[in-house]
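# need a 3D model of the sequence below.
(chains A and B)
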Amino acid sequence: MSGKEIDRRSFLKVMGWSGAGAATLSGCDLPTTVTIEEGKETVVSYLMPEEYVIPGQGVWYASTCQQCSAACGVHGRVREGRLLKVEGNPSSPIGRGKLCNMGQASLQAHYNPDRLKKPLLRKGAELQEATWEEALKYIEERAGKKSGVQGNRAAWLTGNVSGHQAVLLQAHMDSFGSISHYVHELINTAVSGLANKDVLGEVQPVYHLDKAKAVLSLGADFLGASTSPVHFATQYASFREAPRGVLIQVEPSMSLTGANADLWIPARPGTEGVLAMGIANALIGQHGVSAANLPAGVKQAIDGYGIDRAADITGVPRTQIEAIAKTLKERAPSLVLTGASAEGHAHGYNIAAAALMLNVLLGNVGQTITSSGDPAFPQLAARAGNTRDLFAFAEGADKGAFDVVFMWGTNPVYTAPAFLNFEDKLSKVPVKVAFAMYRDETVAKADVVLPLSSPYESWGTHLAAYNSDEPTVAVQQPLMQPIYPDTKSVGDVLLALLKMREPNTYSAFNDYYAYLRKAFSELPATHKVGGSDDAMWVQSLQRALLAAKGTPKELSAKPVAVDFPAYEKDAAYPMHLAPAARLGMWDGRNANLPWLQEQPDQISKVVWGSWAELHPKTADRLGVKNGDYISVTSAQGSIEVPVYVYRGVHPDVVAVPIGQGHTDYGRYATGRGVNPLKVLSQVTDGKTGELALYATRVKVAKVEKKKPGINELMVRFGGSESQVGRKLVASVTADSFNRTEGA
Amino acid sequence: MPVNRCTWTSRSLLDAFRGSIVTQIARVGKVLVTGIFVASTVIGANAAVADVPNANPPKGTHKGEDVPQPIEFPHDIHAKINEINCMYCHTYARRSKVAGIPPTSKCMGCHSVIATDRDRIKKLTEYWEKKEPPPWKKVHDMPDYVHFTHEKHLQRFVFNNEGMDVTRVSEVCAFCHGDVKEMTVAKKTKPLNMGFCRRCHEANNGPSDCWHCHK
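Predicted coordinates for the structure are as follows:
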């Protein structure tokens, strides 16, 4: 019933008269411009509804979010068989009823129009639609029982994986006798994980922000792109309740966490470890903190970094170093954390170890850092990703060590730096199988692609990469029928692969649901809440979790002696590149979600594109203002990106957030912005071999853009950094606050 | 004169878009005068017609299209001849924002024994045995930005309406759905546009905040 056409001009004309005329005209009776057709849409009734179902009223079901590896519990509102909204599940000890922007946007991942709807098979240069039978036959011929592929020649390249999917994946590898499982995640804790293991005896201890009275964060963006953003945010909320905890953030470019800090310090990039040593020096020298629990080598190293020397190296004034030491001493227990911007250097391990040394010195171990205990279900534990595995896989592929690779949950063709030449190396694997919900840069290189159902259409179990002090097995149940009938859940795909290898063991399972029911029924009796298998299963689904309390353990506290290279300037490449990760785009996987694209960046307020943050002094020197283009050039290559001038960045740093610059990732992401990961230098952490994300030196120059394309304009919300004297947010100085309210 | 808002029929306003600006102004002026006249007389007339107490039914008509349905459902046989209450089948109307198409099990509740030899019932039974609901076509709809709730309207005009007899609910349904008792398959006979809604809200003291419907 779109009726007769009314153009905008005529409409405004009539509206204009009404304003000038005696009475108010209204468009209430205009034929609607929205097509409400009679008899065109089908309205399907229930055949026989459940008693509790009332059309028009939503029912909430529990499941688990899959937008990152935190495994937050969710509640999804389902109406007439359609998922409409996702919120946090209050039963989940991870999110405690809260959900982040990425979790909210998971709805768009589910309904994304770019989802793969059919299997794809490579025919020459193109991937063409095929049937499941054809795709599985292709795989069976090349990686089935009779294929002759043996041992490590069958490789897996995945993102973080846990739960029963990890068990099936392991069984598939075991059927080859392979140990070639490479887990690649750009946003990871591999460096601090090794330091934790060496000092505390545990890779991933539990942090208690809520018990700390002061937090010193060396680049840990725990509210943003971290291992468990929602969990840390809820802890942070109680940390900030009275008596209010103090947060000190040290990082080269401001993160969401930095923007919340009481004191934000841009130390010279890569000198965060020296800062920790300087603080230790001040604690021992000025506040009489006992160094008795530090090994002699560590004490000696601290002595080598007097406060003045530390101030000189880090660029942080002596008074600030002393103030940090004072705060940490007076506000025990405190907590010192490290994150990507501190760990992403050639000596990243040393920086993480120095931060742990501070925790030991301050007596935080056992207080704000405790053991996560021995896991209840080690076989389900998360295989946490890193970048070292990507290098190892690339080397193997290059040498022709693999006959077949199964890829899932990671997009290394996008995230790998240019120096790795990943695309070329990947192409040397003769058979590349990918399972994915969307076509991305890596999927585009595969030989056969199996389309996955969305997490809200699939069964699964997950163990968080970061466990809270109440570890659980997070249960993922489908919230609705698959939108596309020709997609399968990850579990079902894994089962299909296993049936090719081990038909005797796995043909008994019709689907992944049957497998999970069997697995749950085989749990030890102590976990059978409710008394019977069915009762336990129903209860697990109601709350979407199963308690998995581990065996308690004590942490050790043995700091390791580390030293730091002298800070060196680079005349050819005088600036540091900070490829910051954000809650939103994450490692680029969310660039195809319009809600996250149009959500203004937490710091710059830029939408739908890339930008480079420059300090006003640096911008002045280059003669650039907001929106002007600069080139950021490393020894590996160059990117061109518009400038956002901001004081929350070290003057020697140019920060280009990651996530954009996709070349083949659907209609929303492709051809938008730049990917700073491509220009990273070949620097790895000396101890772990992890890619040193923040170690790239660059030079920056102004670029004249005559006529930028529509995707090259920098679009910012907000417009002004200043309140222009309007006192929108009233503020007082700390001095006057202390005078009136007491310190 | 709040009553005067939204009193334009779509045709009169569309006429205003034709011709020169001068004649348009003249026409708008003329229509404006008739509009005021109509608005002030219509409400009194409504009250006389309505059988529902404490209600001024909305005015307006719409010449709906014939919508072919998979089974030609006879509303007249059910609602008029057999005097079945609308809410017996549209059971969700009083509980939810949508009235709901009756589940197939509801049809079969009677028709596994009643009139089983009729062609239409045989067709229905076929669907039932295939475990598929018939693919009914939608006749009445609202744009996504309009929040309409059956439940609230039934509360106002039936359940919380003194002197209203629940057995006569069809007269309230008829406000927006027309005289369904006289139809076989349903047909849209009311415009269901914003003017139609607003006039009724004004005449019956319904809420007039934008966000009551646009939320």
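# contacts, neighbours, all on C-alpha from now
Noted.
# for chain B, see how far away A:Leu229 is.
That one is not Leu; residue A:229 is Pro. Distance of A:Pro229 to chain B, computed by C-alpha to the nearest C-alpha, to the nearest Å: 31 Å.
# please report how far that residue lies from A:Leu356.
21 Å (C-alpha to C-alpha, to the nearest Å).
# same question, A:Pro243
Going from A:Pro243 to A:Leu356 by C-alpha to C-alpha gives 25 Å.
# how is chain B carved up into domains?
B:2-44, B:75-101+B:136-213 (automatic domain parsing).
# what about the closest residue to chain B within the stretch 601-743 of chain A, which helix or strand?
In the stretch 601-743 of chain A, the residue that lies nearest chain B is A:Tyr668 (23.8 Å; C-alpha to the nearest C-alpha). For A:Tyr668, the host element (DSSP states H and E) is helix A:666-669.
# mind giving me the packing neighbours of the helix or strand following that helix?
Moving toward the C-terminus from helix A:666-669, the next helix or strand (DSSP H and E) is strand A:697-703. Packing partners of strand A:697-703 (3 or more C-alpha pairs under 8 Å, 6 or more residues apart in numbering or on different chains; DSSP states H and E): strand A:575-578, strand A:629-634.
# ranking these by burial, who's on top?
Greatest average neighbour count among these goes to strand A:575-578 (a mean of 28), per mean count of other C-alpha atoms under 10 Å in any protein chain shown.
# buried sites along the very next helix or strand once past it?
Of the helices and strands lying after strand A:575-578 in sequence (DSSP H and E), the nearest is helix A:594-597. Using 16 or more other C-alpha atoms under 10 Å in any protein chain shown as the test for burial, helix A:594-597 gives A:Pro594, A:Trp595, A:Leu596, A:Gln597.
# give the full set of residues in contact with A:Gly409.
The contact partners of A:Gly409, taken as C-alpha atoms under 8 Å, 6 or more residues apart in numbering or on different chains, are A:Thr158, A:Gly159, A:Asn160, A:Phe435, A:Ala436.
# low-confidence bits of the chain, can you list those?
Using chain A here. Low-confidence regions of chain A, defined by pLDDT under 70, span residues A:1-35, A:706, A:708, A:710-711, A:719, A:741-743.
# think we crossed wires, I meant chain B
For chain B, applying pLDDT under 70 flags the ranges B:1-50.
# for it, which segments count as strands?
With DSSP state E as the criterion, chain B has strands at B:136-137.
# show me where the stretch 351-500 of chain A has its strands.
Remark: strands assigned in the stretch 351-500 of chain A by DSSP state E, counting those that start in this stretch are A:369-370, A:404-408, A:431-436, A:448-451, A:460-462, A:472-476.
# in contact with the residue of the stretch 51-200 of chain A at minimum distance from chain B, which residues?
Nearest residue of the stretch 51-200 of chain A to chain B: A:Gly56, at 5.4 Å (C-alpha to the nearest C-alpha). A:Gly56 is in contact with A:Arg79, A:Glu80, B:Ser96, B:Lys97, B:Val98, B:Gly100, counting by C-alpha under 8 Å, 6+ apart.
# now do 7 Å
By C-alpha atoms under 7 Å, 6 or more residues apart in numbering or on different chains, the contact list for A:Gly56 reads A:Arg79, B:Ser96, B:Lys97, B:Val98.
# which positions in the stretch 551-700 of chain A make contact with chain B?
Counting by C-alpha under 7 Å from any C-alpha of the partner chain, the stretch 551-700 of chain A comes close to chain B at no residue.
# A:Val59 and A:Arg79 touch, don't they?
Yes - using C-alpha atoms under 7 Å, A:Val59 is in contact with A:Arg79, at 6.5 Å.
# now do the phi/psi pair for A:Ser106.
Per-residue torsions, A:Ser106: phi -60, psi -20 (degrees, to the nearest 10).
# same check, this time on A:Val59
The phi and psi torsions at A:Val59 (degrees, to the nearest 10) take the values phi -120, psi 130.
# now the contacts of A:Gly56 as CSV including neighbour count and distance to A:Leu420?
CSV is the format used below for these (neighbours: other C-alpha atoms under 10 Å in any protein chain shown; distance: C-alpha to C-alpha, whole Å):
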residue, neighbour count, distance to A:Leu420
A:Arg79, 18, 48
B:Ser96, 17, 59
B:Lys97, 19, 57
B:Val98, 19, 57
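# quick check, nearest of the residues you listed to B:Lys215?
Nearest to B:Lys215 among these is B:Lys97, at 13.6 Å by C-alpha to C-alpha.
# and the residue of the stretch 501-650 of chain A closest to chain B?
Residue of the stretch 501-650 of chain A nearest chain B, by C-alpha to the nearest C-alpha: A:Trp595 (18.9 Å).
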